[in-house]
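> Turn this into a model:
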Amino acid sequence: MTRGGKDKDRSEGPERKCIATGTVAPQSALVRFVEAPDGGIVPDVAGKLPGRGIYVVPDRAALERAAGKGLFARALKRPAKAPDDLPDLVERLLVRRVVDLISLARKSGGAVTGYEKVKDWLQKEEARVLIQAEDGSTRGKSKLSTPYGGDYIGWLTAEELGLAFGRQSVIHAALGAGGLARRVVEDAQRLKGVRIGRSDADRGGSDRRKG
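So this is what the prediction gives:
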């Protein structure tokens, strides 16, 4: 319950506090870390590893501060060493997770690629999420619009998006409604925070691209 006497909205799941910024946010919006048996700090982007979770906002500066200022050791109250390349490691893991989730959606019939197929899904209102490669043609991408009430992801490269569809590169893709779409959006939002920055990522899944 808040100080004003109103119940807090926990529809997004339990909240956790970032050790670097003090920000309190839904657990799904943060990056979880656990301590390995050797005392090393391991990113747990899927949130499934055993052990006490330690959380950091998905932001490069916050990750650098947590690793460089000994904040993981402070939270654990014992020596703990984070990888020197922690922000890059987290970014790579989040890219892999987003790509894998899109691939799962594709295999279950919940994702399509190719300009015409994506356009067809958008016109038929079957698309929930529009995904376009950040390094794709601006002119080509501007011809497709984010579905009404849906989400836009535009910070994967054509090569990364291609991995999800078993192709060398992909510029346009779309996800249908369903649990996987929401998970893709949530994890893509975390990736955007690390790759671009939180101030911009706060708009993340709610970005609207108009054609």
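
> If you count contacts, what does the helix ranked longest in the chain end up packed against?
For the chain, the helix with the greatest residue count under DSSP state H is helix 86-107. The contact analysis (3 or more C-beta pairs under 8 Å, 6 or more residues apart in numbering; DSSP states H and E) places helix 86-107 against strand 41-43, helix 60-68, strand 111-113, helix 158-165, strand 172-175, helix 179-195. Just so you know, the C-beta spots here come from the backbone N, C-alpha and C atoms, and that holds for glycine as well.

> Tell me which of those lies nearest to Asp151.
helix 179-195 (4.9 Å; C-beta to C-beta).

> Check Gly178 and give its pLDDT.
On the pLDDT scale, Gly178 is placed at 84.

> again, but for Cys18
98.

> Quick one: neighbours of Ile19, just the number.
Neighbourhood size, Ile19 [other C-beta atoms under 10 Å]: 22.

> now do the one 3 residues further on
By other C-beta under 10 Å, 8 other residues sit near Gly22.

> What separation is there between the spatially closest residue to Glu126 that is not a sequence neighbour and Gly149?
Leaving aside its chain neighbours, Glu126 sits nearest to Gly176 (5.6 Å; criterion: C-beta to C-beta, 6 or more residues apart in numbering). Computed as C-beta to C-beta, to the nearest Å, the Gly176 to Gly149 distance reads 14 Å.

> Likewise for Ser103?
25 Å.

> what separates stretch 163-176 from the chain centre, distance-wise?
Distance, stretch centre to chain centre, for stretch 163-176: 17 Å (C-alpha atoms, centre = their mean, to the nearest Å).
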